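S.K.: Kindly generate the corresponding structure for this input.
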Amino acid sequence: MAVLPYLPHLLYSTALTSLAMHHLFQRKALEADRAHVAAQLSILDDLRVRLGAGERIPEREFGRLWRLAQSHDVWRARAAGASGAGEAEESEIGWKEVLFGKRFDSAKSDEWDRKDLERARKEVEETSS
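M.R.: From the prediction side, this is the model:
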């Protein structure tokens with residue numbers, strides 16, 4: 001066969017491309033983490049300066065800025081992602097499902113459709129009232 005002499009080159013190029021894509025993903029993730037940390041520091045530093053100057057910050061604005069700073073907490077998000085990873089392992093996908101697809105449960109989809117129709121009907125009734 002004519003493919004056999006090129007097989008090592010094909011494997012090497014595939015591995016090299018995979019490593020390059022992984023490295024690019026890691027670099028972009030690190031840049032995003034740095035941007036989140038910089039945004040969090042900026043928000044908290046602004047609060048520190050304003051409070052240090054004796055400025056009266058309304059409770060609503062302070063709460064909004066505090067929640068915004070907490071939403072950029074990279075470490076807490078990673079910890080939450082790690083704790084959620086254990087839940088994802090429970091619904092493990094097997095090779096049979098990967099190759100042949102997931103079995104379609106028509107009874108469950110019919111139930112979801114019925115619930116969606118009921119919810120839409122209730123919304124229409126509420127808006128028409």
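S.K.: Name the next helix or strand downstream of the worst-scoring helix or strand of the chain on mean pLDDT, please.
M.R.: The helix or strand of the chain with the lowest confidence, counting by mean pLDDT, DSSP states H and E, is helix 74-90 at a mean of 62. Later in the chain than helix 74-90, the nearest helix or strand by DSSP states H and E is helix 95-100.
S.K.: Give the next helix or strand downstream of that following helix.
M.R.: Next helix or strand after helix 95-100 toward the C-terminus (DSSP H and E): helix 106-128.
S.K.: Quick check: buried residues in stretch 109-119?
M.R.: By neighbour count with 16 or more other CB atoms under 10 Å, stretch 109-119 contains no buried residues. To be clear about C-beta, it is placed using only N, CA and C from the backbone, and glycine gets the same treatment.
S.K.: CA atoms of that stretch as PDB?
M.R.: C-alpha atoms of stretch 109-119 as PDB (Å, rounded to 0.1, in the frame of the first residue of the first chain):
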ATOM      1  CA  SER A 109     -39.500  14.000  24.700                       C
ATOM      2  CA  ASP A 110     -43.300  13.800  24.500                       C
ATOM      3  CA  GLU A 111     -43.600  14.700  28.100                       C
ATOM      4  CA  TRP A 112     -41.200  17.700  27.600                       C
ATOM      5  CA  ASP A 113     -43.300  18.800  24.600                       C
ATOM      6  CA  ARG A 114     -46.500  18.500  26.600                       C
ATOM      7  CA  LYS A 115     -45.000  20.600  29.500                       C
ATOM      8  CA  ASP A 116     -43.700  23.200  27.000                       C
ATOM      9  CA  LEU A 117     -47.100  23.500  25.400                       C
ATOM     10  CA  GLU A 118     -48.800  23.900  28.800                       C
ATOM     11  CA  ARG A 119     -46.300  26.600  29.800                       C
END
